[in-house]
Every structure is written in structure tokens, then in C-alpha cells.
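In: okay, sequence plus prediction incoming.
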Amino acid sequence: MSRQMSPDEIGAFEVKYGYKPTAVLVAIDALAIYVHRDNPLKCVSMEQIERIFAADPKSGGGKSILTWGELGLAGEWAAKPITLQSRNVLSGTYKYFKQHALGGGDFKDNIKMQVGSETVVSEVANDKYAMGYSGIGYKTAGVRAVPLSSGKSCYDATFDNTYSKKYPLARGLYIYVLKDPKKPIDTLSGEFVTYVLSKDGQTQAKKGGYYPITRNIREHELTRLGLLASAN
């Protein structure tokens, strides 16, 4: 999952199984803000992101940002409206962005929702005046990932900035397993988790465009599940 389960989801799970699901942190992702490769925007703040995407922004005196000129771009860009691209409502990425970038608020009505992350990026690449969000692993030559700020400094979505959480839209990626807290994890689930957290499994995560977990995270997760001895 590209977000943690909600309290309602955890509650429904607990009603069915009698215990809470077990989350395992398996990779790290930076949710990037993408613009067209020719867009000269140097940085965008989290406050501006809310004012760009939210129907009723809480920041900036409640004033929406509608054009590239309102982000400081001049010349041909100044009067051009920002075309908004988003994942659809079934996406964990959509829900994460809504919670962490919009403070739980609703998106603007004119936003264009896409089924897949790749489609969001390709639509931005094909529209000079578009902006969208997607995982950093979906970056292509047709787009730029704009540095983000939540204070005075802007940060790129690099490995170091994502792990240190200097990059504001850093998130964990999880798998959830059925594990009765009173019993050991079942063999099949244990083997699967061990593989995902192994060197080979983390190589697959990197190939998918995500940042691998650290050794400390790996050992913590395996220890918590009673799998460390068998994994070494």
C-alpha cells in the first residue's frame, strides 16, 4: 500500500479477524510534483500546493492559485492557467496527497483524474502548462520534479532528503499481513516478507523506482516479526 491503513479500515479488519493487521515497511517513496520539462519553476511550497489543488484552500487567505504567473513565472507563462492532473479517488496516492498536501480538503472540480501514475506523468509531459503528482519512480524525460519547501529551504526528492524527511512529501510503502499477535507468523507469509526485505527484494524495489529501506529498518521489521534469525 502507498499509504498506511486508515482507522476505519483497521477497525473493519479487527472486527473480521479479531486482531489488527500487521504493517511491514518495505520501501520509501517521494511523492513528486511534476511539471513539463520546459517549465522554469524553481521551487514550490506546500502552502502553494494546497492553493493550487484544493477547492477551498485554508492557507493564503483562502485564495486559490490559478495561473503560472501567480507562482512567479513571467512572459508567455504568466497568464496561462495551471492544468491539474491527479490520480483517481481509488488510489492510495490520491488519498495520501489529499491528507498531506490538502489537509484533508477536497480537490478543485476541474482537476483531471487518471487511473494510473504513469498516465499522470505522461499527461504532464504532453501539456506544457500542466502540473501533477506521482511517485518519483515514474519520472520520465518529458517532465521535471520540482523541489518542494515547507519552510525557507527547497529540497529535491533525493534519497537523502527523502529519508531525512527534509523533502515534505516523503512516505513509506507497506505490505500488510495476517498475523495473530499471540502466534508466530505463518511460514508462507514469513518467507514472503523475508524475501521482500532481502537484498534481492530490495533490488526489485529499486527497479520499481522506489528507495530501498536501510539495514536498521530491515532488522527492526524482521525482529518485530520474529524472522531475524532465519533471515541471516
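Out: Here it is on my side, so go on. Numbering: from 1, shown residues only.

In: is it true that D127 touches H36?
Out: Yes. At 6.7 Å, D127 counts as touching H36 under the criterion of Cβ atoms under 8 Å. For every residue, glycine as well, the C-beta is placed using N, CA and C.

In: more neighbours: these two, which one.
Out: A direct count of neighbours by other Cβ atoms under 10 Å for D127 and H36 places H36 higher, at 18 against 15.

In: need the pLDDT of the closest residue to that one other than its chain neighbours.
Out: Spatial nearest neighbour of H36, excluding adjacent residues (Cβ to Cβ, 6 or more residues apart in numbering): K128 at 4.8 Å. Note on K128: pLDDT of 97.

In: hmm, V35 and K128 touching each other?
Out: No. Here K128 does not reach V35: they are 9.1 Å apart, not a contact under Cβ under 8 Å.

In: where do the contact lists of those two overlap?
Out: With contacts taken as Cβ atoms under 8 Å, 6 or more residues apart in numbering, K128 and V35 have no neighbour in common.

In: who has more neighbours out of those two?
Out: A side-by-side neighbour count of K128 and V35, using other Cβ under 10 Å, places V35 first with 25 against 16.

In: excluding covalently adjacent residues, which one is nearest to the most centrally placed residue in the chain?
Out: Residue closest to the average C-alpha location in the chain (Cα atoms, centre = their mean): L31, at 3.7 Å. Spatial nearest neighbour of L31, excluding adjacent residues (Cβ to Cβ, 6+ apart): L169 at 4.0 Å.

In: need phi/psi at that neighbour.
Out: Dihedral angles of L169 (phi, psi; degrees, to the nearest 10) stand at phi -110, psi 50.

In: what about it, how many residues nearby?
Out: L169 has 23 neighbouring residues, counting by other Cβ under 10 Å.

In: got a pLDDT number for I52?
Out: pLDDT for I52: 98.

In: secondary structure element holding it?
Out: Secondary structure from DSSP states H and E places I52 in helix 46-53.

In: do the same with L222
Out: Per DSSP H and E: L222 is located in helix 215-224.

In: which helices and strands does the next helix or strand after that helix pack with?
Out: As assigned by DSSP H and E, the chain's next helix or strand after helix 215-224 is helix 228-231. If you count contacts as 3 or more Cβ pairs under 8 Å, 6 or more residues apart in numbering; DSSP states H and E, helix 228-231 packs onto helix 187-196, helix 215-224.

In: how's the chain carved up into domains?
Out: 7-25+177-231, 29-170 (automatic domain parsing).

In: now those domains in CSV, with distance to M1?
Out: Converted to CSV, the domains of the chain look like this (distance: least, Cβ to Cβ, whole Å):
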stretch, distance to M1
domain 7-25+177-231, 8
domain 29-170, 5
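
In: pretty sure the residue nearest to L31 is touching I28, no?
Out: No. Using Cβ under 8 Å, L169 makes no contact with I28, being 11.6 Å away.

In: need phi/psi at the nearest residue to I28 once chain neighbours are set aside.
Out: The spatial neighbour of I28 that comes closest, neighbours along the chain excluded (Cβ to Cβ, 6+ apart), is Y211 at 4.2 Å. Reported as degrees, to the nearest 10, the phi and psi values for Y211 are phi -90, psi 130.

In: tell me how far Y211 lies from Y129.
Out: Remark: distance between Y211 and Y129 (Cβ to Cβ, to the nearest Å) = 30 Å.

In: which one of the two has more residues nearby?
Out: In terms of neighbours (other Cβ under 10 Å), Y211 is the more surrounded of Y211 and Y129; the figures are 22 against 17.
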